[in-house]
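Trainee: let me see the structure of the following:
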Amino acid sequence: MVASLALNGCVTEEAAESPRPAILPIDTLTDDGGRIDKWVRPVRISLAGEGAEEHRGHVAEWAAALRSVTGHPIAMAEGDNGDLWLVFGTETPKATLGRHAEVYAPLYSNEAAMAADLQDDGEEDLCRAKRGMSTENRHEIVYAAGAIPAGLGGAQTSSCISRLLVTALGTSGTKSLSNNQAPRPDTSAKAATGIQIILLKVWYDKRVKPGMTVAEVQPVMNEAMQDVMKERFKKP
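Mentor: Down below sits the predicted model:
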């Protein structure tokens, strides 16, 4: 499944260390009409929770595949200094809050806001990342965290990991694209679809900047679609 994402491209695996900008708390954000959210700094992935180390190799494979697709530095962090956290083995949002509050704390203005948000999560929020934006640019992602529930099978866990990582990268950040086009892998054995790959490539095209509107990004989307069609129908 992971191999299906590995397109041509060469990106340095090491994610450079740099201070993380201050984070705008999730509970203070308002909808501004749907604009592009994406990472500018390297993405460093850390794991937490019961059995997390058992999944490190698989998460690293997904990181390498996504790095190849996006051209963006995405790698496993050394130790617990990651900017993107995957929490394994929790049964409910309440359990996640009780055991791993420190992972989610940077995303909220206070403990009450964090507890209210996590406890309100429903089934549709499973395997989705919560993203923190920079105070310097409200559409630049600088931190993210999400949970992989306990009790999933191997294929379901893999799909959950992929969904969490893809949503952490920002491709479901705009409402006008999220309903129909944004990547929403289910908890089955499905690998990333063609539209997911296209969206990832578009989001991390150097011409696409955090805060751009969907209309501003549309020419890049059209170009990406044309490239895919040319590749699919080119003569052997």
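
Trainee: wait, isn't residue 52 in contact with residue 82?
Mentor: No: contact between residue 52 and residue 82 fails when scored by CB atoms under 8 Å: they sit 11.7 Å apart. In this view, the C-beta of every residue, glycine as well, is placed from N, C-alpha and C.

Trainee: tally of neighbours for the closest residue to residue 115 other than its chain neighbours?
Mentor: Of all residues not flanking residue 115 in the chain, residue 97 sits nearest, at 6.0 Å (CB to CB, 6 or more residues apart in numbering). Residue 97 has 20 neighbouring residues, counting by other CB atoms under 10 Å.

Trainee: quick check: phi and psi at residue 97.
Mentor: The phi/psi pair for residue 97 (degrees, to the nearest 10) reads phi -60, psi -40.

Trainee: and for residue 75?
Mentor: phi -150, psi 160.

Trainee: surely it is in contact with residue 43?
Mentor: Yes: counting by CB under 8 Å, residue 43 is a contact partner of residue 75 at 7.5 Å.

Trainee: more neighbours: these two, which one.
Mentor: Comparing residue 75 with residue 43 by other CB under 10 Å, the one with more neighbours is residue 43, at 24 against 20.

Trainee: quick check: the residue nearest to the more buried one when sequence neighbours are not counted vs residue 204, distance?
Mentor: Spatial nearest neighbour of residue 43, excluding adjacent residues (CB to CB, 6+ apart): residue 74 at 4.5 Å. From residue 74 over to residue 204 the distance is 10 Å, taken as CB to CB, to the nearest Å.

Trainee: which one of the two has more residues nearby?
Mentor: Comparing residue 74 with residue 204 by other CB under 10 Å, the one with more neighbours is residue 74, at 27 against 20.

Trainee: quick one, grab the pLDDT at the more buried one.
Mentor: What the model reports as pLDDT for residue 74 is 96.

Trainee: what does residue 152 give?
Mentor: 80.

Trainee: and for residue 196?
Mentor: 73.

Trainee: give me the most central residue, this protein.
Mentor: residue 168 (1.7 Å; CA atoms, centre = their mean).

Trainee: residue contacts, that residue?
Mentor: By CB atoms under 8 Å, 6 or more residues apart in numbering, the residues touching residue 168 are 43, 84, 129, 131, 141, 144, 146.

Trainee: same thing but 6 Å
Mentor: Residues near residue 168 by CB atoms under 6 Å, 6 or more residues apart in numbering: 84, 129, 144.

Trainee: repeat that for residue 133.
Mentor: Taking CB under 6 Å, 6+ apart as the test, what residue 133 contacts is residue 24.

Trainee: that's a strand at it, yeah?
Mentor: Yes: secondary structure of residue 133 (DSSP: H, G, I helix; E, B strand; the rest coil): part of a strand.

Trainee: by mean pLDDT, flag the weakest helix or strand of the chain.
Mentor: helix 175-178 (a mean of 33; mean pLDDT, DSSP states H and E).

Trainee: that one: what's the following helix or strand?
Mentor: Sequence order places helix 194-203 as the next helix or strand after helix 175-178, per DSSP states H and E.

Trainee: quick one: strands adjacent to the longest strand seen in the chain?
Mentor: As assigned by DSSP state E, the longest strand anywhere in the chain is strand 140-149. Taking DSSP bridges as the criterion, strand 140-149 sits next to strand 38-39 (parallel), strand 84-90 (parallel), strand 130-134 (antiparallel) in its sheet.
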